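Chemist: no letters, just coordinates:
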């Protein structure tokens, strides 16, 4: 007998790995020292920029 998926919302299921990655990067940023801080901040901004671009390109066109 198949179990129903734990997360039923398909959008949340698709975005969950990205949200987890963002939270992990924020935790790393909170614990980073000065040289690492800039590197991880850039990584976080690149990921957020990529997600924004994907969201912007997938929105409905009027």
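Modeler: The structure has been received and is ready for your questions. Note that the structure is predicted; figures quoted are calculated from it, not measured. Residues are numbered from 1 along each chain as shown.
Chemist: quick one: the helices in this structure, in order.
Modeler: 10-31, 34-58 (DSSP state H).
Chemist: got the buried residues for the first one?
Modeler: Put plainly, it is helix 10-31. By 16 or more other CB atoms under 10 Å, the buried positions in helix 10-31 come out as 25, 28. Just so you know, the C-beta spots here come from the backbone N, C-alpha and C atoms, and that holds for glycine as well.
Chemist: residues contacting that helix, please?
Modeler: 5, 7, 36, 37, 40, 41, 43, 44, 47, 48, 51 (CB atoms under 8 Å, 6 or more residues apart in numbering).
Chemist: mind doing that once more with 10 Å?
Modeler: 5-7, 9, 32, 36-37, 39-41, 43-45, 47-48, 50-51, 54-55 (CB atoms under 10 Å, 6 or more residues apart in numbering).
Chemist: residue closest to the middle of the chain?
Modeler: Nearest to the geometric centre of the chain sits residue 18, at 2.8 Å (CA atoms, centre = their mean).
Chemist: give me the pLDDT value at that one.
Modeler: We have a pLDDT of 83 for residue 18.
Chemist: can you check residue 46 too?
Modeler: On the pLDDT scale, residue 46 gets 91.
Chemist: just to revisit the earlier point, do you know how far the residue nearest to the centre of the chain is from residue 38?
Modeler: 22 Å (CB to CB, to the nearest Å).
Chemist: what's the answer for residue 32, then?
Modeler: Remark: distance between residue 32 and residue 38 (CB to CB) = 9 Å.
Chemist: neighbour count: the two, which is higher?
Modeler: residue 32 (15 against 10; other CB atoms under 10 Å).
Chemist: contact partners for that one?
Modeler: Counting by CB under 10 Å, 6+ apart, residue 32 has contacts 25, 38, 39, 40, 41.
Chemist: can I get the residues you listed in a markdown table with distance to residue 13 and pLDDT?
Modeler: Putting the contacts of residue 32 into a markdown table (distance: CB to CB, whole Å; pLDDT from 0 to 100) gives the following:
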| residue | distance to residue 13 | pLDDT |
| --- | --- | --- |
| 25 | 21 | 85 |
| 38 | 33 | 84 |
| 39 | 30 | 85 |
| 40 | 27 | 82 |
| 41 | 28 | 85 |
